[in-house]
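Engineer: Fold the following, please.
(2 chains)
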Amino acid sequence: MKIASWNVNSLRVRLPQVLDWLATARPDVLAMQETKLVDEDFPEVDFEAAGYKAVYAGQKTYNGVAFASRLPARDVTIGIPDFDDPQRRVLAATYGDVRVINLYVPNGQSVDSDKYRYKLDWLDRLTGYLQHALEHYPHLVVLGDFNIAPEDRDVHDPDAWRGQVLFSEPEHAAFRRLLALGMCDTFRQFDQAEKSYSWWDYRMNAFRRNMGLRIDHVLASHALCKSCVASAIDTEPRRSERPSDHAPVVAEFNVRGVRD
DNA sequence: ATGGCGCGCGCAGCGCGA
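Structural biologist: The predicted structure is shown next:
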């Protein structure tokens, strides 16, 4: 079972690239973030024509999360339970015997902003939700745009970024708390090239210079981690014309019940 | 020297992302 995460930065603009990538990479499940579409405008028919079912939770202009999958989703839920948040940032569904939770974690803007406070509060709420989810679903994948670079090796210039949003100690502590619930970062279960990142600023030729951050993650419960056979960042779509600023992250698990 | 780029909205230039 191949599960991927991709912040597409507007599905309206990126749809052709997403469909191309699905045809090439053939994931069983793709979790998308920043679709920036209301549900009425979601291009469900285009995914169906490509052999993928879609579920989505969008809003006008900002945020928005969605799944595309080869088999239909079961038990779809939107948002964090008992957390009244109009921002569409969380979508969960079950595929086979794997529960998948798709996240678009708030950016935070800067450490002295109200948005940073919202981010930390939001991560607290998420922690409670995931603790509950892990008790109910031994096979749990939590993936998406976390807007946190966990370690020095996930940042092109850690000394310049230290203490800044995406790389501050409170965010690191929140990320460690998520892992401590009983999950692994699948990417770090395997040997990886140095300077592996999932996001590069559009400005300053950052991608060409590989000035990036690894902020998109695929976490898995310990039971699933044991059956994880690969986890990698696919930088190919970032090279194309009008790319998203994020690259897809793909993890593969040896579990049955998902492919036809 | 806080811009730089890309997106949405909407028709000028701003808010936002990371």
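
Engineer: Strands of chain A, residue ranges please.
Structural biologist: A:2-7, A:29-33, A:53-57, A:65-69, A:74-78, A:90-95, A:98-104, A:140-145, A:183-185, A:199-200, A:212-213, A:216-221, A:228-233, A:249-253 (DSSP state E).

Engineer: and those as TSV, adding mean neighbour count and mean pLDDT?
Structural biologist: C-beta here means a position set from N, CA and C on the backbone, and glycine is covered the same way. TSV is the format used below for the strands of chain A (neighbours: other C-beta atoms under 10 Å; pLDDT from 0 to 100):
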stretch	mean neighbour count	mean pLDDT
strand A:2-7	26	98
strand A:29-33	28	98
strand A:53-57	20	98
strand A:65-69	26	98
strand A:74-78	12	98
strand A:90-95	23	98
strand A:98-104	25	98
strand A:140-145	26	98
strand A:183-185	20	98
strand A:199-200	22	98
strand A:212-213	24	98
strand A:216-221	26	98
strand A:228-233	18	98
strand A:249-253	24	98
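
Engineer: Could you point out which of the ones you listed sits nearest DNA strand B?
Structural biologist: Closest approach to DNA strand B among the strands of chain A is made by strand A:199-200 (4.2 Å; C-beta to the nearest atom of the strand).

Engineer: Can you give the distance of that closest one from its chain's centre?
Structural biologist: 14 Å (C-alpha atoms, centre = their mean, to the nearest Å).

Engineer: other SSEs contacting that strand?
Structural biologist: strand A:212-213 (3 or more C-beta pairs under 8 Å, 6 or more residues apart in numbering; DSSP states H and E).

Engineer: between the strands of chain A, which one is nearest to A:D159?
Structural biologist: Comparison of these against A:D159 by C-beta to C-beta identifies strand A:212-213 as nearest, at 13.9 Å.

Engineer: quick one on the thing from earlier: tabulate the strands of chain A (a markdown table), appending distance to DNA strand B.
Structural biologist: A markdown table is the format used below for these (distance: least, C-beta to the nearest atom of the strand, whole Å):
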| stretch | distance to DNA strand B |
| --- | --- |
| strand A:2-7 | 5 |
| strand A:29-33 | 7 |
| strand A:53-57 | 15 |
| strand A:65-69 | 12 |
| strand A:74-78 | 19 |
| strand A:90-95 | 14 |
| strand A:98-104 | 7 |
| strand A:140-145 | 5 |
| strand A:183-185 | 18 |
| strand A:199-200 | 4 |
| strand A:212-213 | 5 |
| strand A:216-221 | 9 |
| strand A:228-233 | 14 |
| strand A:249-253 | 14 |
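
Engineer: got those as TSV, with distance to A:H132 columns?
Structural biologist: Listed next are the strands of chain A as TSV, based on distance: least, C-beta to C-beta, whole Å:
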stretch	distance to A:H132
strand A:2-7	21
strand A:29-33	20
strand A:53-57	19
strand A:65-69	19
strand A:74-78	12
strand A:90-95	11
strand A:98-104	11
strand A:140-145	11
strand A:183-185	14
strand A:199-200	29
strand A:212-213	29
strand A:216-221	13
strand A:228-233	23
strand A:249-253	22
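
Engineer: got the residues of the stretch 1-150 of chain A near DNA strand B?
Structural biologist: Counting by C-beta under 7 Å from any atom of the strand, the residues of the stretch 1-150 of chain A close to DNA strand B are A:7, A:9-10, A:12-13, A:34, A:36, A:60-62, A:106-107, A:109-110, A:115, A:145, A:147.

Engineer: What sits closest to the residue nearest the centre of chain A if chain neighbours are left out?
Structural biologist: Most central in chain A under C-alpha atoms, centre = their mean is A:G144, positioned 1.1 Å from the mean C-alpha point. Nearest residue to A:G144, sequence neighbours excluded (C-beta to C-beta, 6 or more residues apart in numbering): A:L103, at 3.4 Å.

Engineer: dump the residue contacts of that neighbour.
Structural biologist: With contact taken as C-beta atoms under 8 Å, 6 or more residues apart in numbering, A:L103 is in contact with A:33, A:65, A:89-90, A:126, A:142-146.
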